[in-house]
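Student: No letters, just coordinates:
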DNA sequence: GTCGGAATTTGCTCTGGAACAAACTCCGAA
DNA sequence: TTCGGAGTTTGTTCCAGAGCAAATTCCGAC
């Protein structure tokens, strides 16, 4: 809440922002230029909603930097994180799944930089840009798989295994090598982890403390470093 | 295991089989004819796999009659049902999500009648047939939503609520009005329900017995009739 | 520095529902 | 008609992990 969120269209977005990203990688410079000229860019603070479940899907987004949690809120106000989206992916593609409202809320998990386009350009993108359709549907399919995995996990695994799996997924997606292991490179609380694994922050805390004693992880407030990914893997298999 | 599965291309499939189904509803009779002429049809007994997780996705399918359970098997051999697919939907659309192996196993929940096409026709269908792409992506999106809902349910609800929800979903999708309520019109065991709700058949049995005493449901072996959907709805809300 | 709120740790209790066990019922095949 | 296996019911035990409570640590704001 430091400064008001800025919503400026930056003076000039560089083509290199998009050229290496899958949905755009087959395009020519001129096409990328056109796409960028139609985009707005915006920076979001950590912990704010980019769009919300049920709201009309007016824009779709490309996460350039940062991480986003896809969450849903239950009638009783609990929130469940379905998946994390790393930089370089599209989000809010309601149109891709035949909807005109967003199916979930996208909340920044760290400070994030996002491009967006009005949804009416979606069909144009799909039609005109080679590879865009294929890649986005691949993304949707991949997410379906992820969520599907979550169901399996929750159905068959113990809390400790679920937390281990969540951690492993996070370091794969968003891990950054540091001196004594791999760190999750955005702030993550016990509470966040508990929402990701359908348990309580207390239990997560206990589990992490246990691992810390055994040297599998190290953690400070809002920071978790996995020191021994292999051992964690063993834990996750039960 | 009565008779060997027949894999005949029936003498002549009637256009009316497809005309009213969303992915094909915008097509002309001639197009439908072409599509049907490329299809093989086959009848499956209850409880057999139409295709299996991880196998190369060589064909895609349209379920004309019956019900299919989408399941995954865990390393320990438990199977988890992710969703049920009613007649009239496509399945095995690996290509639609950018995969070349099936992401899950499709198991018949009742005797079923299925059309199928070789996967190499997929791109043709998408390109040539108006509405086919939109409708299939809508289907994928819908399934993503369903699975997503399962995650929420498993994360936040008690077993009794989950079973109630599962039952409500089933009667919505596949319910048939009978004298004293709405019956699930394919054979379903306590075991099946437990795989759908991530619990044990014992607990499901207890829950159903309780409801039967209260007059919410009636059940015989492999058959469940919901007598009071509204009361069940109340239960499902917790 | 120091104050206050957020994040974390830890202890204790209590319960939903899994696990194990056993009996019973139904249905199709011989 | 009987038999056998699949499906179902019911009882008992037990524990992972939720819920509640409280203390402690950390960090940013002033």
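Tutor: That came through, no problem. No experiment lies behind these values; they were computed from the predicted model shown.
Student: ranges for the helices of chain A?
Tutor: Assigned helices in chain A, in chain order: A:16-19, A:29-37, A:122-128, A:132-156, A:159-174, A:190-197, A:201-214, A:229-237 (criterion: DSSP state H).
Student: Tell me which of those is the most buried.
Tutor: Per-stretch averages of neighbours, counted by mean count of other C-beta atoms under 10 Å in any protein chain shown, single out helix A:190-197 among the helices of chain A, with a mean of 22. C-beta here means a position set from N, CA and C on the backbone, and glycine is covered the same way.
Student: And residue A:195, how close does it get to residue A:210?
Tutor: Distance, residue A:195 to residue A:210, by C-beta to C-beta, to the nearest Å: 20 Å.
Student: Same question for residue A:182.
Tutor: Residue A:182 is 19 Å from residue A:210, where distance means C-beta to C-beta.
Student: Grab the most central residue of chain A for me.
Tutor: With distances taken as C-alpha atoms, centre = their mean, the residue of chain A nearest its centroid is residue A:85 (1.7 Å).
Student: mind checking pLDDT for that one?
Tutor: Per-residue confidence (pLDDT) for residue A:85: 95.
Student: isn't it right up against residue A:67?
Tutor: Yes: using C-beta atoms under 8 Å, residue A:85 is in contact with residue A:67, at 6.9 Å.
Student: ok, residue A:222 - contacts?
Tutor: A:187, A:188, A:189 (C-beta atoms under 8 Å, 6 or more residues apart in numbering or on different chains).
Student: With residue A:154 instead?
Tutor: Residue A:154 makes contact with A:162, A:198, B:151, B:154, B:155, B:198, according to C-beta under 8 Å, 6+ apart.
Student: Residue A:22: which of the residues you listed is nearest?
Tutor: Nearest to residue A:22 out of the contacts of residue A:154 is residue B:151 (C-beta to C-beta; 25.7 Å).
Student: Hmm, residue A:185 and residue A:174 touching each other?
Tutor: Yes: counting by C-beta under 8 Å, residue A:185 is a contact partner of residue A:174 at 5.7 Å.
Student: Residue A:138 is in contact with residue B:98, isn't it?
Tutor: Yes: if you go by C-beta under 8 Å, residue A:138 and residue B:98 touch, sitting 3.0 Å apart.
Student: returning to that earlier point: could you count how many residues lie near the nearest residue to the residue nearest to the centre of chain A once chain neighbours are set aside?
Tutor: Distances taken as C-beta to C-beta, 6 or more residues apart in numbering or on different chains place residue A:68 nearest to residue A:85, at 4.5 Å, with adjacent residues excluded. Counted with other C-beta atoms under 10 Å in any protein chain shown, the neighbours of residue A:68 add up to 27.
Student: Could you list everything residue A:68 pairs with in the sheet?
Tutor: Listed by DSSP bridges, the beta-bridge partners for residue A:68 are residue A:85, residue A:108.
Student: How about the residues of chain A by chain B?
Tutor: Neighbours of chain B within chain A, by C-beta under 8 Å from any C-beta of the partner chain: A:72, A:74-76, A:78, A:80, A:82, A:96-99, A:103-104, A:134-135, A:137-138, A:140-145, A:147-148, A:150-152, A:154-156, A:198, A:237.
Student: Try it again at 6 Å.
Tutor: Residues of chain A lying close to chain B by C-beta under 6 Å from any C-beta of the partner chain are A:72, A:74, A:78, A:80, A:82, A:97-98, A:103, A:137-138, A:141, A:144-145, A:147-148, A:150-152, A:154-156, A:198.
Student: hang on, residue A:185 packs against residue A:177?
Tutor: No: the criterion here is C-beta atoms under 6 Å, and residue A:185 misses it with residue A:177 at 9.8 Å.
Student: show me where pLDDT drops low in chain A?
Tutor: Counting by pLDDT under 70, the low-confidence segments of chain A come to A:1-11.
Student: what's the nearest residue to residue A:27 if we skip its chain neighbours?
Tutor: Leaving aside its chain neighbours, residue A:27 sits nearest to residue A:129 (5.8 Å; criterion: C-beta to C-beta, 6+ apart).
Student: give me the number of residues near that neighbour?
Tutor: Burial of residue A:129 is recorded as 19 neighbouring residues (other C-beta under 10 Å).
Student: Ramachandran angles for residue A:158?
Tutor: phi -80, psi 160 (degrees, to the nearest 10).
Student: any idea how far DNA strand C is from it?
Tutor: With distances taken as C-beta to the nearest atom of the strand, to the nearest Å, residue A:158 is found 10 Å from DNA strand C.
Student: What parts of chain A come near DNA strand C?
Tutor: With C-beta under 7 Å from any atom of the strand as the criterion, chain A meets DNA strand C at residues A:189-191, A:201-202, A:205-206, A:208-209, A:212, A:219, A:221-222.
Student: DNA strand D contacts on chain A?
Tutor: Residues of chain A lying near DNA strand D (C-beta under 7 Å from any atom of the strand): A:2, A:158, A:159, A:160, A:198, A:199, A:200, A:202, A:203, A:220, A:221.
Student: Report the two of those separated the most.
Tutor: Put simply, by C-beta to C-beta the two of these set farthest apart are A:2 and A:158, 40.7 Å from each other.
Student: More neighbours: which of the two?
Tutor: Set residue A:2 next to residue A:158 and count neighbours by other C-beta under 10 Å: residue A:158 wins out with 11 against 4.
Student: ok, the spatially closest residue to the more buried one that is not a sequence neighbour - how many residues close by?
Tutor: Setting aside the residues directly before and after it, residue A:158 is nearest to residue A:238 in space (C-beta to C-beta, 6+ apart), at 6.7 Å. Per other C-beta under 10 Å, the neighbour tally for residue A:238 reads 12.
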